[in-house]
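Colleague: Show me how the following folds:
(one chain, ligands or ions: 2)
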Amino acid sequence: MRIDKIILRQLKMKMVSPFRTSFGTQTDREFLLTEVHGEGWTGFGECVVNTAPMYNEETVGTAKHIIEQFLIPILFERGEFIHPDNIRDWFSPIRRNMMAKSSLEGAVWDLYAKSKGQTLAQALGGEKDKIEVGISIGIQEQIDDLYRLVEQYLEQGYRRMKIKIKPGKDIEVLQGLRARFGNIPMMADANSAYTLDDLSLFKEIDDLGLMMIEQPLAHDDIVDHAKLQRELKTPVCLDESIHSLEDARKAIELGSTRVINIKIGRVGGLTEAKRIHDYALEHGVPVWCGGMLESGIGRAHNIAITSLPNFTLPGDTAGSTRYWQEDIIDPFVEVQNDGTIILPTNSGIGYHPNAEKIEKYTIWKKEYTTG
Ligand code: OSB
Ligand code: MG
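Modeller: Ligands and ions are numbered 1, 2, ... in the order given. Sure thing, here's the model as predicted:
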């Protein structure tokens with residue numbers, strides 16, 4: 001297949017409520033959308049960056065630069081692709097910049113699936129026709145606000161509650177939730193806010209029977225996480241530390257992680273996400289799909305990859321209205337009252353990008369063509 005045109009857009013969308021983690025508060029999202037055209041088909045991708053490099057090192061600005069100056073020229077120079085897996089190999093000489101790579105690679109996967117008349121899930125080898133999802137709840141100033149949110153999300157059917165923690169907002173919060181809601185499926189995400197000096201705190205958290213604790217230690221660590229895991233019954237789950245199959249292999253070999261959060265953008269695309277999934281399956285490590293507060297486009301990609309068999313734990317792919325007044329796809333992503341999302345059956349990402357709404361939130365746009 002030949003790629004003949006690419007459209008890159010920068011969008012800004014206001015969130016329905018601010019999202020607070022140990023590294024900052026987000027009230028809106030500024031991100032990139034990619035549109036890849038070839039042989040009459042159009043594929044869509046989302047670049048899950050933010051304006052500031054707080055979660056990882058990429059930003060809207062760096063991703064734009066890498067996409068324009070390096071990745072689009074590679075796609076146009078190579079010309080013909082046989083399978084979307086080719087894109088991962090073509091991009092591999094460019095170091096890191098995973099979210100930039102993923103945004104184009106994902107659009108090519110969508111384009112490919114559409115040209116074959118397959119859903120993106122089918123093209124990836126997915127087997128499920130519905131997926132189970134949980135929800136990620138940001139740090140709350142008032143504990144009563146957190147209780148209200150947990151109550152509301154349990155009522156809506158979400159399969160597990162992920163509670164963001166940071167120093168000073170951790171053990172009491174988690175104990176309070178256990179006391180109030182009993183043995184609900186619950187986990188904590190620290191976004192790298194602690195060190196091994198906090199071992200006694202983790203021992204206390206260990207008694208709460210959490211499903212897992214996500215990225216407790218440094219964003220670039222796999223050694224201390226292995227030390228911590230040896231001290232705990234609760235599985236450690238790595239998020240920030242895993243950027244590739246190689247990272248996953250090393251972390252699993254070291255015993256740093258018993259569960260992996262797979263984010264398509266963090267690992268450079270769907271092909272690498274699938275490779276990590278396959279390796280984890282062979283090694284008895286369950287995975288789940290993380291989120292970056294995506295618009296409907298990125299959300300659709302997350303739903304498709306979650307249809308693979310080793311995504312056995314509920315992911316962070318909540319419904320559109322948890323984030324947006326109006327999403328940029330039709331229909332919105334809808335979570336059933338049993339905490340499941342039914343896979344779309346239209347080809348490619350399966351949701352229709354709403355051109356009018358995309359235009360409304362676009363703050364910058366550029367078109368690139370071959371020759
Ligand atoms: O650590 O998983 C994370 C959001 C932004 C950056 C990092 C993370 C998150 C979330 C929210 O937890 C997941 C979502 O609802 O999309
Ligand atoms: Mg996380």
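
Colleague: contacts, neighbours, all on C-alpha from now
Modeller: Noted.

Colleague: helix/strand/coil for Thr34?
Modeller: strand (DSSP: H, G, I helix; E, B strand; the rest coil).

Colleague: got the contact list for it?
Modeller: 6-9, 44-47, 103-104, 107 (C-alpha atoms under 8 Å, 6 or more residues apart in numbering).

Colleague: Now the two most distant members of the residues you listed.
Modeller: Ile6 and Cys47 (14.0 Å; C-alpha to C-alpha).

Colleague: between those two, which one's more packed in?
Modeller: A direct count of neighbours by other C-alpha atoms under 10 Å for Ile6 and Cys47 places Cys47 higher, at 32 against 23.

Colleague: pLDDT wise, what is the closest residue to that one other than its chain neighbours at?
Modeller: In this structure, Cys47 finds its nearest non-sequential neighbour in Ser103, 4.6 Å apart by C-alpha to C-alpha, 6 or more residues apart in numbering. Looking at Ser103, its pLDDT reads 98.

Colleague: before we move on, which element is Ser103 in?
Modeller: helix 98-115 (DSSP states H and E).

Colleague: That helix and ligand 1 in contact?
Modeller: No - in terms of C-alpha under 6 Å from any ligand atom, no part of helix 98-115 sits within range of ligand 1; the closest distance is 12.7 Å.

Colleague: before we move on, the earlier item: and the residue nearest to Cys47, how many neighbours?
Modeller: When neighbours are counted by other C-alpha under 10 Å, Ser103 registers 29.

Colleague: and what of Gln142?
Modeller: If you count neighbours by other C-alpha under 10 Å, Gln142 ends up with 8.

Colleague: swap in Ser241?
Modeller: Ser241: 23 neighbours (other C-alpha under 10 Å).

Colleague: now do Asp206
Modeller: For Asp206, the count of nearby residues is 17 (other C-alpha under 10 Å).

Colleague: Not including adjacent chain positions, what is the nearest residue to it?
Modeller: Once flanking residues are discounted, Asp206 sits nearest to Thr234: 5.8 Å by C-alpha to C-alpha, 6+ apart.

Colleague: you'd agree that neighbour is up against Met212?
Modeller: Yes - contact criterion C-alpha atoms under 8 Å: Thr234 and Met212 qualify, at 5.5 Å.

Colleague: Just send the contacts of Thr34 back as CSV, with secondary structure too.
Modeller: Output for those, formatted as CSV (three-state DSSP):
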residue, secondary structure
Ile6, strand
Ile7, strand
Leu8, strand
Arg9, strand
Phe44, strand
Gly45, strand
Glu46, strand
Cys47, strand
Ser103, helix
Leu104, helix
Ala107, helix
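
Colleague: For the helix or strand where Leu228 lies, buried residues please.
Modeller: Taking DSSP H and E as the definition, Leu228 sits inside helix 223-231. For helix 223-231, burial by neighbour count (16 or more other C-alpha atoms under 10 Å) applies to 225-226, 228-229.

Colleague: Same check on stretch 296-315?
Modeller: Across stretch 296-315, burial judged by 16+ other C-alpha under 10 Å covers 296-315.

Colleague: End to end on it, go ahead and measure it.
Modeller: Its start and end residues considered, stretch 296-315 measures 16 Å (C-alpha to C-alpha, to the nearest Å).

Colleague: Can you show me the helices along the chain?
Modeller: 60-66, 72-78, 85-91, 98-115, 120-124, 143-155, 171-181, 199-206, 223-231, 245-254, 270-282, 296-305, 355-361 (DSSP state H).

Colleague: Going by contacts, tell me the helices and strands next to the shortest one.
Modeller: Yep, that's helix 120-124 we're talking about. Under the contact definition 3 or more C-alpha pairs under 8 Å, 6 or more residues apart in numbering; DSSP states H and E, helix 120-124 sits against helix 98-115, helix 296-305.
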